[in-house]
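Participant: Build me a model:
(one chain, ligands or ions: 1)
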Amino acid sequence: MKNEKIGLIGFGAIGQEVYKKISRKTIKGYNVIGVFSDDINLKKLPKKIKCKSFEELLKKKPTIIIEVASVEACKDYAEKVLKSKIDFVCLSVCSFADRNFFKRISNLVKKIKNKIYIPTGAIAGIDAISSASLSNELKYVKLIQRKPPKALLTVSESIKIKNEKVLLRSTARKICKEFPKNSNIAATLAMCGIGFDKTKVVVIADPKIKKNIAEIEALGKFGKLKVILENNPSKNPKTSRLTAMSIILSLNKRNVSFLSAF
Ligand SMILES: NC(=O)c1ccc[n+]([C@@H]2O[C@H](COP(=O)([O-])OP(=O)(O)OC[C@H]3O[C@@H](n4cnc5c(N)ncnc54)[C@H](O)[C@@H]3O)[C@@H](O)[C@H]2O)c1
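Facilitator: Model (predicted):
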């Protein structure tokens with residue numbers, strides 16, 4: 001029987017969902033032993049679980065830390081987690097579009113035994129993309145992200161959008177910089193496929209839809225792939241319900257469904 005001690009960084013839409021699912025024993029052998037978030041004082045949680053700082057979370061000696069916070073949090077804590085011999089599950093995948101951060105983590109994971117994992121998040125088709133890229137059979141990957149304007153823009157900007165509007169047509173690297181809270185699936189695709197500079201992404205604000213729609217097209221010697229995922233949003237309109245469940249699935253089948261990024 002496993003006895004994994006989970007620490008969470010971030011307690012927003014996804015963090016709360018993951019906490020709920022682990023606490024209700026959706027998966028056996030996992031307990032949340034600490035939660036650190038910069039808004040922790042506002043959150044309802046048992047006192048013994050609340051951590052006022054990242055250091056307090058580390059002192060609880062978790063075996064796995066799940067980052068469900070932000071690109072800033074990922075960049076601030078990833079190395080400290082990995083150097084503390086704790087497995088790190090990263091959801092703010094756009095962090096890796098920063099070349100320096102990517103390089104630092106890539107070098108670090110070569111020297112340690114613990115691992116960094118990237119769950120599939122709010123995306124499907126990663127298995128085929130990863131397989132095709134292994135044998136260099138992937139030539140072209142494009143992601144079209146279509147979201148309600150309020151998921152992509154400020155309230156005042158979003159109410160001005162009456163018809164669908166292309167906000168950006170570029171590479172995964174650029175999109176991660178411009179929309180870091182919305183582009184993690186572009187980053188995951190890029191890391192499993194042909195990289196941040198070759199993966200093409202189009203971001204569309206569409207006032208007619210309520211879902212976060214991701215359309216992936218890939219081409220190569222392997223054949224052709226087309227996946228359309230109509231994600232229902234989580235409590236946070238920027239993020240999708242499926243994400244929390246992908247974390248649970250990953251924990252449940254660790255080493256199998258987890259996608260190791262390095
Ligand atoms: N990989 C994927 O497919 C995928 C899908 C959806 C969301 N995400 C990412 O997961 C993260 C969480 O998403 P969410 O919808 O729960 O967001 P959210 O805004 O609802 O919650 C984020 C939480 O993290 C806390 N936080 C943010 N920065 C912090 C920092 N530097 N230090 C400590 N706490 C911090 C916030 O106070 C909040 O409690 C985001 O970065 C989001 O972009 C990834």
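
Participant: Buried residues in the host helix or strand of residue 81, which are they?
Facilitator: Taking DSSP states H and E as the criterion, residue 81 maps to helix 71-83. Residues of helix 71-83 classed as buried by neighbour count (16 or more other Cβ atoms under 10 Å): 71, 73-75, 77-78, 81-82. For the C-beta atoms, the positions are set from N, CA and C on the backbone; glycine is no exception.

Participant: tell me what that helix is packed against?
Facilitator: helix 54-59, strand 64-67, strand 87-90, helix 99-111 (3 or more Cβ pairs under 8 Å, 6 or more residues apart in numbering; DSSP states H and E).

Participant: Please list the residues of the stretch 101-250 of the chain that sit near the ligand.
Facilitator: When proximity is defined as Cβ under 6 Å from any ligand atom, the stretch 101-250 of the chain approaches the ligand at 121-123, 181, 184-185, 188, 234, 236, 239-240, 243.

Participant: try 5 Å this time
Facilitator: Contact residues (Cβ under 5 Å from any ligand atom) of the stretch 101-250 of the chain with the ligand: 121-122, 181, 184-185, 236, 239, 243.

Participant: Dump the residues you listed into JSON lines; add secondary structure as well.
Facilitator: Supplementary listing: those in JSON lines, determined by DSSP: H, G, I helix; E, B strand; the rest coil:
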{"residue": "121", "secondary structure": "coil"}
{"residue": "122", "secondary structure": "coil"}
{"residue": "181", "secondary structure": "coil"}
{"residue": "184", "secondary structure": "helix"}
{"residue": "185", "secondary structure": "helix"}
{"residue": "236", "secondary structure": "coil"}
{"residue": "239", "secondary structure": "coil"}
{"residue": "243", "secondary structure": "helix"}
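
Participant: Just the closest of those to the ligand, please.
Facilitator: residue 121 (2.1 Å; Cβ to the nearest ligand atom).

Participant: Residue 198 versus the closest one, what's the distance?
Facilitator: According to Cβ to Cβ, to the nearest Å, residue 121 and residue 198 sit 20 Å apart.

Participant: between those two, which one's more packed in?
Facilitator: With neighbours defined as other Cβ atoms under 10 Å, residue 121 and residue 198 compare such that residue 121 has more, 26 against 15.

Participant: before we move on, the earlier item: check the buried residues of helix 71-83 and tell me the two furthest apart.
Facilitator: 71 and 82 (16.9 Å; Cβ to Cβ).

Participant: Residue 177 looks like it's in a strand, true?
Facilitator: No: assessed with three-state DSSP, residue 177 is helix; it does not lie in a strand.

Participant: Need the phi and psi values for residue 187.
Facilitator: Torsion angles at residue 187 (phi, psi; degrees, to the nearest 10) stand at phi -70, psi -40.

Participant: Could you measure from the closest residue to residue 91 other than its chain neighbours over to residue 194?
Facilitator: Closest residue in space to residue 91, ignoring its immediate chain neighbours: residue 68 at 5.0 Å, by Cβ to Cβ, 6 or more residues apart in numbering. Note on residue 68: its distance to residue 194, by Cβ to Cβ, is 27 Å.

Participant: quick one: which of the two has more around it?
Facilitator: Remark: of residue 68 and residue 194, residue 68 carries more neighbours, 28 against 22, as counted by other Cβ under 10 Å.

Participant: residues in contact with the more buried one?
Facilitator: 8-12, 14-15, 18, 91-92, 247 (Cβ atoms under 8 Å, 6 or more residues apart in numbering).
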